[in-house]
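1. quick one: sequence plus predicted model below, questions after.
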Amino acid sequence: MNQEKDKSPILKHWLNFTWEILKIVIISLAIVIPIRYFLIQPFFVKGASMDPTFLDGDYLIIDEISYRFTEPERGDVIIFKYPLDTSQFFIKRIIGLPGETVRIENGRVHINSEELEEEIILDESEYLSNTKTPGNIEIRLEEDEYFVLGDNRRASSDSRKWGELEESYIIGKAWIRAWPINRLEIIE
């Protein structure tokens, strides 16, 4: 009988310990799951299509909430579901906005729309140097479509190849480069 009394406090201790661990796990999941699925998520860059801006193996944090309140802008780097296979995710830069006509000719990107007073030749020197965009194409974007290009124009599968990107495929925009640590930055 004395042995049973000795086991009871040990059992009670383990039950209390297990209950405390279970509470921590439940609270952690209640915090992490909404953040992960509705606000931010991680993304690994694979491939060379965004060189030199983002390199193969870069670890990014994606802002999923901003586009619920604001529209994507030209120059934003976005992550989206690949329109030809939605199980894949791509990273590209927005070049053309809804309602615009994008024309690539002689290595330059021309943008035209009713809202612009005159056609513009896209100046990307702020984030890319000496960029020539191969191809000859003209695409008119509908009200929910974007034209996207990789920064490494010669090695990118983008709107030149598979066409317009519907807004519904956009997951979010690149927010923080978290890895490698020597390139840690908030992405403007």
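-> Okay, I see it. Numbering: from 1, shown residues only.
2. when you work out contacts or count neighbours from here on, use the C-alpha atoms and nothing else.
-> OK.
3. looking at this, I26 is in a strand?
-> No: assignment of I26 by DSSP: H, G, I helix; E, B strand; the rest coil gives helix, placing it outside any strand.
4. list the contacts for it?
-> Residues near I26 by C-alpha atoms under 8 Å, 6 or more residues apart in numbering: none.
5. show me the strands in the protein, by range?
-> With DSSP state E as the criterion, the chain has strands at 40-44, 59-63, 77-81, 89-96, 101-105, 108-112, 120-121, 137-140, 145-149, 165-166, 170-179, 185-186.
6. what about A174, neighbour count?
-> By other C-alpha atoms under 10 Å, 25 other residues sit near A174.
7. closest to the centroid, which residue in this structure?
-> Centroid-nearest residue in the chain, with C-alpha atoms, centre = their mean: I79, separated by 2.7 Å.
8. how about it: what's its closest non-neighbour residue?
-> Excluding the flanking residues, the one nearest I79 by C-alpha to C-alpha, 6 or more residues apart in numbering is I91, at 4.5 Å.
9. so the one you found makes contact with M50?
-> Yes: I91 is within contact range of M50, at 7.5 Å (criterion: C-alpha atoms under 8 Å).
10. shared neighbours of these two, which are they?
-> Residues touching both I91 and M50 (C-alpha under 8 Å, 6+ apart) are G150.
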